[in-house]
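Asker: Provide a 3D model corresponding to the input given below.
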Amino acid sequence: MNTYDDLSTSPEPEPSDALGPAPGRPAPRLIQNEATTEIPVHLLFRDEPDPQPVPLRPAVVNRRQGTGEQPRTRRPMPAKPRPVAQVDPELVEHPARVLPASAGVLAGLGGAAGCAAVSWWAGVLPPLAEAALGLPASAGAGLGPVQWAAYTGAGALALFGFGGLARGGTGRAWVLGLFGRYRGTVRRTGLMWVNPLLLRRRVDVRLRHWRSEPMHGADGSGVALRVVVLVSWRVRDTARAVLGVEDHESYLRECVESALARVAVEPPGAARAPVAADTLTRLVSGDAAVVGLEVFSVQPVRVEYAPEVAAAMHRRRIAALDAQQRATMLTSVVDSVEDTVTRLTMRGLVELDDYERKVLVRDLTVAFCSGRAGDTAH
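Answerer: Model prediction:
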């Protein structure tokens, strides 16, 4: 057979390969790609059993090749504790050195008297002042370098004496510093003399109450709340409160916010409200003690649901109260019906079979429920 006959008698490709399946033959469920082999579709979506869990084993370090070293198991690393905030341990409150007010007054008067004497010596003191002070007439030749030096010394002494006078009040303290170094705290009251070169920072050391703005919190179920707390606190260590942080009042506010994020808050009057308040007090007191603040109590005074969940929680509470009221009313009605039927039967007022008893119980239940519903509505 020649080549032409071979080509003419060779089977032609079926049109179903390119245009679709031939009539009467099912379509082949195949996925084919130029770079992949043909995969039956049912194999891609067959249901396979869930894989068995793989047991976890401790990590093993492979032994080195050729050394004969046995594999060894890695020891679990213990969890690191949470770092605790610390302040410079040398920054502790200690009393500053002050002098009685009389020392400053005497120094100021001495400086003023020295200025007057130098003026008389230089001959610049007015005659009326000389007569008032009982001084003889001066024959000074005027102000020279020596007189100016004496003026400077006497004036500095007067300014140093009168400028250091200070008055301390009850419940107030001064934190003193010189060129950025802590020099002590003054808690004395009354008039005293303090070095005028020292920088003074006034601190309120009285017992204080702070009512916070609404803060974010959550209840035991994780529902968002808005909580207002009342914090009783005072400054115990003035050095740490003033120099340990930038603003100790802002630090206390952040401590309260952090504690509210870790404690489930209960509304005032709830069974677990005292426990939540004690936990808040303990957490805030521990966080604030490092900066010299003493916290006595942290009490939630107002607890409200967040605006985004307030409506839903209000409906939920009303539904719970309604269900509780219905259960209470139903229990009371059942007890009343049982008592009525029992008394009628025991006293022999009626003789009832099972059907009549059921009818009587039904009628009494309907009557009592209607009466209770009417009383509740009124």
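
Asker: The helix or strand containing Arg357: how far from the chain's middle?
Answerer: Under the criterion of DSSP states H and E, Arg357 resides in helix 354-377. Averaging C-alpha positions (CA atoms, centre = their mean, to the nearest Å) puts helix 354-377 56 Å from its chain's average.

Asker: With stretch 290-297 instead?
Answerer: For stretch 290-297, the distance to the chain centre is 15 Å (CA atoms, centre = their mean).

Asker: What are the contacting residues of stretch 180-199?
Answerer: 91, 93-101, 103-104, 159-161, 163-170, 173-178, 200, 205, 238-239, 243 (CB atoms under 8 Å, 6 or more residues apart in numbering). For the C-beta atoms, the positions are set from N, CA and C on the backbone; glycine is no exception.

Asker: Quick one: mean pLDDT for it?
Answerer: The pLDDT scores in stretch 180-199 average 94.

Asker: these two touch, right, Ala96 and Leu178?
Answerer: No: counting by CB atoms under 8 Å, Ala96 stays clear of Leu178, with 10.3 Å between them.

Asker: Compare those two (neighbour count), which wins?
Answerer: Applying other CB atoms under 10 Å to Ala96 and Leu178 shows that Ala96 carries more neighbours, namely 21 against 12.

Asker: so who does that one touch?
Answerer: Going by CB under 8 Å, 6+ apart, the list of residues near Ala96 reads 174, 176, 183-186, 194, 198.

Asker: can you pull out the strands in the chain?
Answerer: Applying DSSP state E to the chain gives strands spanning 30-31, 39-40, 60-61, 72-73, 99-100, 165-168, 172-178, 181-186, 190-193, 199-204, 208-211, 215-218, 224-235, 293-305.

Asker: What's the local residue count around Thr340?
Answerer: Thr340 has 15 nearby residues by other CB under 10 Å.

Asker: So it sits against Thr365, correct?
Answerer: No: Thr340 is beyond contact range of Thr365, at 10.2 Å (criterion: CB under 8 Å).

Asker: mind listing what the residue lying closest to Trp233 once chain neighbours are set aside touches?
Answerer: Spatial nearest neighbour of Trp233, excluding adjacent residues (CB to CB, 6 or more residues apart in numbering): Val295 at 4.7 Å. Counting by CB under 8 Å, 6+ apart, Val295 touches 231-233, 252, 281, 284-285, 288-289.

Asker: Tell me how far Val295 lies from Leu159.
Answerer: 43 Å (CB to CB, to the nearest Å).

Asker: how is this protein carved up into domains?
Answerer: Domain assignment for the chain, taken from automatic domain parsing, gives 99-119+147-204, 208-305, 320-377.

Asker: And the ones you listed: which comes nearest Ala312?
Answerer: For those, the distance to Ala312 is smallest for domain 208-305, at 8.5 Å, taking CB to CB.

Asker: From one end of the closest one to the other, what's the distance?
Answerer: Distance between the two ends of domain 208-305: 28 Å, counting by CA to CA, to the nearest Å.

Asker: and the helix holding Arg357, which residues are buried?
Answerer: 360-361, 364, 368, 372 (16 or more other CB atoms under 10 Å).

Asker: Tell me which other helices or strands that helix touches.
Answerer: helix 307-346 (3 or more CB pairs under 8 Å, 6 or more residues apart in numbering; DSSP states H and E).
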